[in-house]
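Undergrad: Here you go, sequence then predicted model.
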Amino acid sequence: MRERAMAFAVLVFGLMAAPAYALDPHAFGGHLGLGYSHLVIADSPGGSLSVAAGVDYPIAPSLRLGGDIGFELLGSRTIEAEGQIANLDYNAFEAALLFHYTPGGWGPISRVSFGPALVSARAELATSGGGLAFTGYAIEEVAPAAALDLTWIGSGASPVRAGVQLGTRTAFLESDTWTIVSLRLAIHY
């Protein structure tokens, strides 16, 4: 499945490649986000910081296409095995190709973003000894994912606007599925 996801991402990026002279540099837009993220799994950590940035370009009147990157510090948890204790620190890095749709008449929702992503999921092991008992808990894997964001932002002619973004990334790891939920302050420009 991972090979198919990578082939799909390469195909989409390849189709989006356009000659430099055909792009209007003034039409590019982007966003920055800062907030909270939480990993939804069994025995999940408490959650923590989420940051993201992206750039996009219009491909239709109410549709833009762009790339996003993000990083989530997902918290840590303490585990015990064979009378020993260790900590697992969870984090994720993501890269996504997103379609940004601007709906009309959806109330406060002013932007819906969706598309494929790749997530580098990590659960790093920290122990003061006896780490062998905990090696099965450590995770370091790049997996295909699906991305969805809903943004509430005021409409207007201002070149910089602030809003709230609720997002989710579902990463399909070999042994588990990670769902990362985030709530961010989003600055669009």
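TA: Received, thanks. Numbers count the residues shown, from 1 in each chain.
Undergrad: Which residues are in contact with the closest residue to Leu173 other than its chain neighbours?
TA: Leaving out its chain neighbours, the residue that sits closest to Leu173 by C-beta to C-beta, 6 or more residues apart in numbering is Ala143, at 4.7 Å. For every residue, glycine as well, the C-beta is placed using N, CA and C. Ala143 makes contact with Arg2, Leu118, Val119, Ala121, Ala171, Phe172, Leu173, Glu174, Trp178, according to C-beta atoms under 8 Å, 6 or more residues apart in numbering.
Undergrad: who wins for most neighbours among these?
TA: Val119 (26 neighbours; other C-beta atoms under 10 Å).
Undergrad: what sits opposite it in the beta ladder?
TA: Glu94, Ala143 (DSSP bridges).
Undergrad: need the contacts of Ala143 in TSV with distance to Gly66 and secondary structure, can you?
TA: Below are the contacts of Ala143 laid out as TSV (distance: C-beta to C-beta, whole Å; DSSP: H, G, I helix; E, B strand; the rest coil):
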residue	distance to Gly66	secondary structure
Arg2	23	helix
Leu118	15	strand
Val119	18	strand
Ala121	23	strand
Ala171	20	strand
Phe172	23	strand
Leu173	26	coil
Glu174	29	coil
Trp178	23	strand
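Undergrad: can you tell me the average pLDDT over stretch 176-189?
TA: Averaging pLDDT along stretch 176-189 yields 92.
Undergrad: which outside residues touch it?
TA: Taking C-beta under 8 Å, 6+ apart as the rule, stretch 176-189 contacts 29-41, 50-52, 70, 72, 74, 92, 94, 119, 121, 139, 143, 151, 153, 159-171.
Undergrad: Output that stretch as CSV, nothing but the C-alphas.
TA: What follows is stretch 176-189 as a C-alpha-only set of coordinates in CSV (Å, rounded to 0.1, in the frame of the first residue of the first chain):
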residue,chain,number,x,y,z
ASP,A,176,-1.6,0.5,13.9
THR,A,177,-3.6,3.5,12.6
TRP,A,178,-2.8,6.9,14.1
THR,A,179,-5.4,9.6,14.0
ILE,A,180,-4.0,13.0,14.9
VAL,A,181,-6.5,15.8,15.7
SER,A,182,-5.3,19.4,15.8
LEU,A,183,-6.8,22.8,16.7
ARG,A,184,-4.8,25.7,15.5
LEU,A,185,-4.8,29.5,15.2
ALA,A,186,-4.4,29.9,11.4
ILE,A,187,-3.0,33.0,9.7
HIS,A,188,-3.8,33.2,6.0
TYR,A,189,-2.0,35.5,3.6
